[in-house]
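Asks: This is a predicted model, with the sequence first.
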Amino acid sequence: MAAPTDFTLKPHPTISKGEGPLLVCVLDGFGENKIKDDYNAVHVAETPCTDALRAVPGRFRTLKAHGTAVGLPSDDDMGNSEVGHNALGAGQLIDQGAALVDKALASGSIFSGEGWQYVSPAFGANTLHFIGLLSDGGVHSRTDQLHGCVRGAAERGAKRIRLHILTDGRDVPDGSSLKFVEELEGVLAELQAKGCDAKIASGGGRMGVTMDRYEADWNIVKKGWEAHVLGEAPHYFKDAHTAIKTLRKDDSEKPVSDQWLDPFVIVGEDNAPVGTVQDGDAVVIFNFRADRVIELSKALEYAEFDKFDRKRWPQTRFVGMMQYDGDLKLPTNYLVPPPAISGTSGEFLAKNGQRTFVCSETQKFGHVTFFWNGNRSGYFDEELETYVEIPSDTVPFNEAPDMKAREICEAGKAALRSGKYDQVRINFANPDMVGHTGDLAATVHCCALVDQCVKELLEVVDEVKGRFLVTADHGNADDMAQRDKKTKAPLVQEGKVVSLTSHTLAPVPLFIGGAGLPADIKLRDDLPEAGLGNVAATVFNLMGFEAPSHMQPTLLA
Ligand SMILES: O=C(O)[C@@H](CO)OP(=O)(O)O
Ligand SMILES: [Mn+2]
Ligand SMILES: [Mn+2]
């Protein structure tokens, strides 16, 4: 879409601006799943508030939040926060990173672009490193894309390739990391047979190594730096297979999940690391999604860097799969141009003098700011926008499932009452972050808490004669069990139901209302296929404006 040039918002012909503000509340990972059994934590939890909202005629519906409806390559792709918040904030269907990389690989354009030209001089005498999440989850990366890049590099003359892999178990079943390592080893064996020296060099679990986000804990990136770049880790192994088998402790009482494997380094017969990063090497981060690789990108690229002691900062030819932050222009070099997202709702609001209050905790802070604003960091207009980040805990979230929901709720209530804002936008992280741990009891607990927080917020919305729109970005807590593909019965292994840590394909709920919303305003019933991209136009209408014409249609009748 061409960037809009006219940012004037017209008053809505029939819906006037309410007396109070509009609350836009995202319940992260709170899907509306058809399967309502003991493993649907949203269903099991005591949720009197959202239950009551579901029963209001004309003010509840579900929205598509996965697959092609949100710009992902196929309808088998579960939704995720990046695409979800991009769609919610932009009101447009955006071809997402995964799809753009697929296209660039299919056409071969990835191998002729500027990013590729930048790394290729290292192919002859130096090493080409790939760092990223090794799974087919399709949220941050995909193994088929990695395989395509690695094969493409070998065909184009890369003599020495090293892989630094983060194990997943979050977007894919826990325990599957071994399978992805075996597949990768297969591809590497193929290359070795053709004379390319290709090996796995280091790794670790994504939640403790390298893939921190929003600066929640730089120590995570430090551990990754030490393993991938310096070749230092608490564990050394001769091969990745043994590394994962050993670190998972599968036979022990408490096996370690793929998400949390310790950092490890692969060493050769001489016990020296097989693939530290050296001056002149090329480095490719193969994740297409930004949030969890921005910190590593800074460590690789920035001369001035004080987040941890890098000890050694190799001068590399570094590219991202995409440019992860368009404002910071980070990284400078990248393989595939990222989606162009312009004319987002945040920009329109700011250009029309609307005051916004935005709040979440660290884990989701960038979701309601950076992703919401079209992968743009910073403010559109600092005078009009207030962004509040509540620092997240740094423990596994099932150990503290309340997370910062209480604090976010209080901040939201205060903002609604302050009279200072036209829109109050918040995100509750719990159903998603606790859902990812696979801990059913903790997830049920936090769904009830979030429901209670929504109840309190809606009471304040009524008190200030405001309006609300409550929704979610994708499913997660709504299914905590892996299931038989046909019967949908939970899978049982050794007498225990196998937990599901990933997002789901479920649609999400949309609730509207509030004392300031005229009784005749209802959701339309002629858009059964509507998705997250339809929310922004609805938000404009609820704020008394006509939606910009480039956005997907409103959901109001
Ligand atoms: O934790 C994350 O990075 C993803 C899952 O990989 O979750 P979300 O899209 O909800 O941020
Ligand atoms: Mn999310
Ligand atoms: Mn998630």
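Replies: Arrived safely, thanks for sending. Ligands and ions are numbered 1, 2, ... in the order given.

Asks: What segments of the stretch 301-450 of the chain are helices?
Replies: Using DSSP state H, counting those that start in this stretch, the helices of the stretch 301-450 of the chain run over 345-351, 362-366, 405-418, 430-435, 440-463.

Asks: Show me what from the stretch 351-500 of the chain comes close to ligand 1.
Replies: D432 (CB under 6 Å from any ligand atom). Every C-beta, even on glycine, is put in place using the N, C-alpha and C of the backbone.

Asks: ok, 8 Å please
Replies: Q363, K364, H367, D432, M433, H436, D473, H474, N476 (CB under 8 Å from any ligand atom).

Asks: Return the closest of these with respect to ligand 1.
Replies: Using CB to the nearest ligand atom, D432 comes nearest to ligand 1 of those, at 4.5 Å.

Asks: check contacts around that closest one.
Replies: D28, G29, F30, S81, K364, D473, H474, N476, A477, H503 (CB atoms under 8 Å, 6 or more residues apart in numbering).

Asks: Make JSON lines from these and add pLDDT to it.
Replies: Listed next are these as JSON lines, based on pLDDT from 0 to 100:
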{"residue": "D28", "pLDDT": "98"}
{"residue": "G29", "pLDDT": "98"}
{"residue": "F30", "pLDDT": "98"}
{"residue": "S81", "pLDDT": "96"}
{"residue": "K364", "pLDDT": "97"}
{"residue": "D473", "pLDDT": "98"}
{"residue": "H474", "pLDDT": "98"}
{"residue": "N476", "pLDDT": "98"}
{"residue": "A477", "pLDDT": "98"}
{"residue": "H503", "pLDDT": "97"}
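
Asks: Point out the other elements, helices or strands, that the helix or strand hosting V539 touches.
Replies: Secondary structure assigned from DSSP states H and E places V539 in helix 535-542. Contacts defined by 3 or more CB pairs under 8 Å, 6 or more residues apart in numbering; DSSP states H and E place helix 535-542 against strand 22-27, helix 81-90, helix 345-351, strand 467-471, strand 508-513.

Asks: Give me the contact list for it.
Replies: By CB under 8 Å, 6+ apart, helix 535-542 touches 9, 12, 15, 18, 22, 24, 63, 87-92, 344-345, 348, 423, 467, 469, 471, 510, 512, 517, 546-548, 551-556.

Asks: which of the residues you listed are buried?
Replies: 9, 12, 15, 18, 22, 24, 63, 87-92, 344-345, 348, 423, 467, 469, 471, 510, 512, 517, 547-548, 551-552, 554-556 (16 or more other CB atoms under 10 Å).

Asks: I521 contacts L556, doesn't it?
Replies: Yes - assessed by CB atoms under 8 Å, I521 is found in contact with L556 at 6.2 Å.

Asks: Strands along the stretch 201-350 of the chain, start to end?
Replies: Using DSSP state E, counting those that start in this stretch, the strands found in the stretch 201-350 of the chain span residues 235-237, 264-266, 282-285, 317-322, 334-336.

Asks: what distance separates the first one from the middle of the whole chain?
Replies: On the basis of CA atoms, centre = their mean, to the nearest Å, strand 235-237 is displaced by 30 Å from the centre of the chain it belongs to.

Asks: What strands flank that strand, and is each parallel or antiparallel?
Replies: strand 264-266 (parallel) (DSSP bridges).

Asks: ok, residues contacting the strand it pairs with?
Replies: In contact with strand 264-266 (CB under 8 Å, 6+ apart) are residues 199-204, 227, 231-240, 243, 247, 273-275.

Asks: go again using 7 Å as the cut-off
Replies: For strand 264-266, contacts defined as CB atoms under 7 Å, 6 or more residues apart in numbering pick out 199-204, 227, 231-233, 235-240, 243, 247, 273-274.

Asks: buried sites along it?
Replies: Those would be F264, V265, I266, for strand 264-266 by 16+ other CB under 10 Å.

Asks: Name whatever forms a beta bridge with the first one.
Replies: So that's F264. Beta-bridge partners, per DSSP bridges, of F264: G203, H235.

Asks: The residue of the chain found nearest ligand 2: neighbour count?
Replies: The chain approaches ligand 2 most closely through S81 (3.1 Å), counting by CB to the ion. Using other CB atoms under 10 Å, S81 has 28 neighbouring residues.

Asks: That one contacts H367, correct?
Replies: Yes - counting by CB atoms under 7 Å, S81 does reach H367; the two are 5.0 Å apart.

Asks: in the stretch 351-500 of the chain, which segments are predicted with low confidence?
Replies: Filtered on pLDDT under 70, the stretch 351-500 of the chain yields no residues whatsoever.

Asks: tally of neighbours for the closest residue to L440 other than its chain neighbours?
Replies: Ranked by CB to CB, 6 or more residues apart in numbering and with sequence neighbours excluded, the top spatial neighbour of L440 is M480, at 4.7 Å. For M480, the neighbour count with other CB under 10 Å is 28.

Asks: got the residues of the chain near ligand 1?
Replies: Checking the chain against ligand 1 by CB under 8 Å from any ligand atom, the hits are 28-29, 79-82, 84, 133, 137, 139-140, 168, 170-171, 206, 211, 213, 289, 291-292, 363-364, 367, 432-433, 436, 473-474, 476, 502-503.

Asks: From L440, how far off is the nearest residue to I35 once chain neighbours are set aside?
Replies: Take I35 and drop its neighbours on the chain: the residue closest to it by CB to CB, 6+ apart is K488, 6.0 Å away. Counting by CB to CB, to the nearest Å, the gap from K488 to L440 is 17 Å.

Asks: go on, W260?
Replies: 18 Å.

Asks: E226 - how many residues pack around it?
Replies: Count around E226 with other CB under 10 Å applied: 21.

Asks: What residues sit buried inside the helix holding V539?
Replies: Buried-residue list, helix 535-542, by 16+ other CB under 10 Å: V535, A536, A537, T538, V539, F540, N541, L542.

Asks: Measure how that helix sits relative to helix 81-90, angle-wise.
Replies: Relative orientation of helix 535-542 and helix 81-90, computed by axes from the mean of the first three to the mean of the last three CA atoms, to 10 degrees: 30 degrees.

Asks: Mind checking the pLDDT average for helix 535-542?
Replies: For helix 535-542, the mean per-residue pLDDT is 98.

Asks: before we move on, what about stretch 186-194?
Replies: On average, stretch 186-194 scores 97.
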